[in-house]
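**Student:** Just to be clear, the model below is a prediction. Sequence and coordinates:
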Amino acid sequence: MIRIVNPSQKDKHRDELDQMHRIRAAVFHERLGWDVTVVDGREVDHFDDEDPVYVLSIDPVTGAVQGSVRLLMTTGPNMLRDVFPQLLPQGQVVDSPIIWESSRFSIDPQLANRSSPESRNKRLNIVTLELLCGIVEVCQAAGIQFVVSVYDARMARIFKAANCAAEIIGEPQRIGKVMTYAGLFATDDEMLQRLRLAGNLPVSVLEEAHGKIEKAA
């Protein structure tokens with residue numbers, strides 16, 4: 001189940017967001033060894049201050065956060081523009097009201113090997129597929145036509161297995177120890193159907209009372 005946390009709802013969902021930041025620390029700092037800031041067991045960066053929309057995968061039985069992704073408008077501060085501009089052709093900027101950036105895609109490490117028994121691809125994590133479907137559904141509800149993302153070779157393999165096609169922008173580069181890409185993903189019905197088919201997911205993964213989606217800053 002996907003829960004949307006709009007910028008105005010942070011106080012209402014403090015516990016879920018706290019779980020999210022702890023999972024991000026476990027994934028990006030402990031597991032992947034990225035150079036990220038962790039304070040009191042939580043990974044937070046300055047883009048979390050830019051009023052993003054958070055997409056959370058919630059266990060419908062326990063209410064625990066299973067994974068998350070952060071969405072930001074490309075018309076404001078974002079990671080591709082401000083941290084990884086070298087991935088774009090010189091002088092090019094992704095800046096559009098119909099494009100959001102996704103970042104900090106992460107899944108609770110304890111669930112990392114949890115595939116869906118109904119999934120067509122047993123290598124794919126069910127939480128991964130739920131989050132990918134959630135991104136597309138959220139973007140469609142907000143009138144967003146594309147998502148841009150910076151990701152590594154590991155995520156590239158996951159996207160390929162999920163039939164989640166991307167248009168690579170610029171030239172992939174080795175950043176740190178990993179090959180890194182900037183990709184543009186459509187959020188149309190065709191993409192949504194491919195993802196639902198890959199995970200044998202329901203018509204919608206969004207929580208029933210998700211409400212109106214606010215534009216990210």
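**Tutor:** Ah, there it is.

**Student:** burial of the nearest residue to Leu88 once chain neighbours are set aside, as a residue count?
**Tutor:** Nearest non-adjacent residue to Leu88, counting by Cβ to Cβ, 6 or more residues apart in numbering: Gly170, 4.7 Å away. C-beta here means a position set from N, CA and C on the backbone, and glycine is covered the same way. If you count neighbours by other Cβ atoms under 10 Å, Gly170 ends up with 17.

**Student:** same thing with the one 4 residues further on?
**Tutor:** With neighbours defined by other Cβ under 10 Å, the count for Arg174 comes to 10.

**Student:** Identify the residues contacting Gln92.
**Tutor:** Ile169, Gly170 (Cβ atoms under 8 Å, 6 or more residues apart in numbering).

**Student:** give me that answer again for 10 Å
**Tutor:** Listed by Cβ atoms under 10 Å, 6 or more residues apart in numbering, the contact partners of Gln92 are Pro85, Ile169, Gly170, Ala182.

**Student:** now that we have these, which one has the most neighbours?
**Tutor:** Among these, Ala182 has the most neighbours (other Cβ under 10 Å), with 26 neighbours.

**Student:** Specify the beta-bridge partners of that residue.
**Tutor:** Per DSSP bridges, the residues bridged to Ala182 are Val150.

**Student:** so of the contacts of Gln92, which ones are in helices?
**Tutor:** Cross-referencing the contacts of Gln92 against helices under DSSP state H gives no overlap.

**Student:** Mind picking the one among the residues you listed that's closest to Met20?
**Tutor:** Of all those, Ala182 has the smallest distance to Met20: 23.9 Å, by Cβ to Cβ.

**Student:** Distance of the closest one relative to Glu208?
**Tutor:** 35 Å (Cβ to Cβ, to the nearest Å).

**Student:** With Asp18 instead?
**Tutor:** In terms of Cβ to Cβ, Asp18 sits 24 Å off from Glu208.

**Student:** Low-confidence stretches in this structure?
**Tutor:** In the predicted model of the chain, residues 112-123, 209-212, 215-217 satisfy pLDDT under 70.

**Student:** biggest helix in it by residues?
**Tutor:** Ranking each helix of the chain by length (DSSP H) puts helix 126-142 first.

**Student:** For stretch 61-68, buried residues please.
**Tutor:** Val65, Gln66, Gly67, Ser68 (16 or more other Cβ atoms under 10 Å).

**Student:** For the spatially most central residue of the chain, pull up the helix or strand it's in.
**Tutor:** Centroid check for the chain by Cα atoms, centre = their mean gives Val69 as the closest residue, at 3.2 Å. Secondary structure from DSSP states H and E places Val69 in strand 65-73.
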